[in-house]
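In: Mind looking at a prediction? Sequence and model below.
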Amino acid sequence: MEQFRKRCRAFFDTLWPAEEKTLVFGEGRADHPPIMLIGEAPGEQETLQGRPFVGKAGKNLDAFLEVVGLRREDIYISNVVKVRPTKVSPKGSVSNRPPNREELALFTPYLYEEILLVQPEMIVTLGNVALKALLGKDAVIGEHHGQVTRAQVQGQAFQVFPLYHPASIIYNRSLTEIYQQDLQKLKTVI
């Protein structure tokens, strides 16, 4: 895993030599965990702390783990994109944005390599970005959430359980019940 991180850093440092881009790598049990959670990209708090899922979505993630009976250290948590995608408002404030095509194209091969290194029993995708990275650009979370499916990662099959992103509940409270039902389904399949 350390060699993987060194290669990632070396490659991405050459892409943005004039910018301070903090790479936020996955963390947790990196040797055949019961689940590997994959989100889209780090946010502000994740970048500041250098850890995935520690901001507002991290609090929802902790509640999610409690429901399914797992601890953070029992699983592996990562993102498709390893840097924080940002935009600047007309007033000059910096905020998160979804990863663009270029970022996804650059980082997805590294995600695949990370999955092959970790060898999870099941991959849990959080939101559309992670889902599309594994099932293709036409996959939509509304159609796949709460169901076990399969994905090929460089010729190797993995079970995938798509969930809405924990942050989506913050912005759309109507998803709370669906999310809870999906968590109960996940609990029965792991």
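Out: Alright, I've got the coordinates.
In: Tell me the spacing between L104 and N79.
Out: Here L104 is placed at a distance of 11 Å from N79 (Cβ to Cβ, to the nearest Å). In this view, the C-beta of every residue, glycine as well, is placed from N, C-alpha and C.
In: ok, residues contacting the helix or strand hosting L104?
Out: L104 is part of helix 101-118 when elements are defined by DSSP states H and E. Helix 101-118 has contacts (Cβ atoms under 8 Å, 6 or more residues apart in numbering) with 1, 4, 8, 12, 15, 26, 30-33, 36, 38, 41, 76, 78, 80-83, 85, 99, 123, 129, 133, 153-154, 156, 158.
In: Stretch 45-62 now?
Out: Contact partners of stretch 45-62, identified using Cβ under 8 Å, 6+ apart, comprise 22, 24-27, 37, 39, 42-44, 72, 77-79, 83-84, 165-167, 169-170.
In: filter these to the buried ones?
Out: With neighbours counted by 16 or more other Cβ atoms under 10 Å, the contacts of stretch 45-62 contain buried members at 24-27, 37, 39, 42-43, 72, 77-79, 83-84, 165-167, 169.
In: Just want the phi and psi numbers for T22.
Out: Main-chain dihedrals, T22, degrees, to the nearest 10: phi -80, psi 120.
In: Which residue comes closest to it once chain neighbours are left out?
Out: T47 (4.9 Å; Cβ to Cβ, 6 or more residues apart in numbering).
In: What count of nearby residues applies to the one you found?
Out: By the criterion of other Cβ atoms under 10 Å, T47 has 21 neighbours.
In: again, but for the one 5 residues further on
Out: A count of neighbours around P52, defined by other Cβ under 10 Å, yields 26.
In: how close does the closest residue to it other than its chain neighbours get to Q156?
Out: Closest residue to P52 apart from its sequence neighbours, by Cβ to Cβ, 6+ apart: I77 at 4.9 Å. Per Cβ to Cβ, I77 is found 20 Å from Q156.
In: Give me the residue at the spatial middle of the protein.
Out: Nearest residue to the geometric centre of the chain (Cα atoms, centre = their mean): G39, 1.7 Å.
In: Show me what that one is bridged to.
Out: Beta-bridge pairing of G39 under DSSP bridges involves N79.
In: surely it meets H165?
Out: Yes. Between G39 and H165 there is a contact under Cβ atoms under 8 Å: 6.5 Å.
In: Please enumerate the strands of this structure.
Out: Using DSSP state E, the strands of the chain run over residues 27-28, 35-39, 76-79, 86-88, 94-96, 122-126, 149-153, 156-163.
In: my guess is Y179 contacts H165, does it?
Out: No. In this structure Y179 lies outside contact range of H165 using Cβ under 8 Å: 9.5 Å.
In: shared neighbours of L104 and N79, anything?
Out: Common neighbours of L104 and N79, using Cβ under 8 Å, 6+ apart, do not exist here.
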